[in-house]
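Asks: Sequence first, then the predicted structure, then my questions.
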Amino acid sequence: MWSAAYGLIALAVVAFVVHYAALHTPSVASVNLADQLYNAKRQLAGSLPSLPRTDNPAHFAVSSGNIVKVTVANVTASGRTFPVQLPVGYKLSSREDKLLYELYLNVTSCRPAALQGGAAATLYVVELRHSLDQLPWLEVYAAVPRDPSQYYSWLYNYYAAWGRPPAAGLDPRMGADADAGLVDYVKAEWALVYDEASDLSILYAAAPPSALYILVADYPLTIPLACPR
């Protein structure tokens, strides 16, 4: 009888301890970093065409917010000469819950090069700094116009309507070049090399000489970069 009573008391004590522990053990909320990273980049992708732009390198260097660095080149289409902005640098930042996504891109030069098969190419040299150690979805494409004259005539229509220089690859919205059927995107050969002295990675991308710009894709964010002129 006493053994049965002690058994019941022991079970009650164990039940109390288990219940107390369940109530006072901190729960760890699950954090889906992949979803947060995707949402941060998607937010930037939607705002990229409307970000402020500057053709002043000093302003770009000191700016702490989202900004695009451009150079302005005069192009001629159908006998009309007009200015076009060429995006050559970005400072991008987006926060999603616990995650901060930051990306810095800056084209330092473009020079003629030859691929292994002997084909001519333009080599883009791009400074890159990223808030994450890896870029698992990085891809590079070259925007090759089907008809350069037709492409620039299409840009001229936006210049005439807005009264300001359009930005190649950015206006009127991301993907417009492809939507208009004027540009083909082809995969470009690329390599990413870390420079310990500057704490920068250098992205080398080889594009066809006829390419208007390259697209650096960190899915779902795609960023057009042109050669400085």
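Replies: Arrived safely, thanks for sending.
Asks: can I assume Asn157 sits in a helix?
Replies: Yes. Using DSSP: H, G, I helix; E, B strand; the rest coil, the assignment for Asn157 is a helix.
Asks: mind starting the numbering at 33 from now?
Replies: New numbering, starting at 33: the last item is Asn189.
Asks: Give me the distance between it and Leu214.
Replies: Relative to Leu214, Asn189 is positioned 12 Å away (Cβ to Cβ, to the nearest Å). Every C-beta, even on glycine, is put in place using the N, C-alpha and C of the backbone.
Asks: Is Pro197 located within a helix, as I assumed?
Replies: No. Assessed by three-state DSSP, Pro197 does not belong to a helix; its assignment is coil.
Asks: who's in contact with it?
Replies: Counting by Cβ atoms under 8 Å, 6 or more residues apart in numbering, Pro197 touches 104, 114-117, 191.
Asks: Quick check, pLDDT for the nearest residue to it once chain neighbours are set aside.
Replies: Using Cβ to Cβ, 6 or more residues apart in numbering and skipping residues adjacent in sequence, the residue nearest Pro197 is Pro115, 4.1 Å away. Pro115 is assigned 96 on the pLDDT scale.
Asks: if we can go back for a sec, more crowded one of Asn189 and Leu214?
Replies: Leu214 (20 against 11; other Cβ atoms under 10 Å).
Asks: Setting aside sequence neighbours, what's the nearest residue to that one?
Replies: Tyr183 is the one closest to Leu214 (Cβ to Cβ, 6+ apart), at 4.8 Å.
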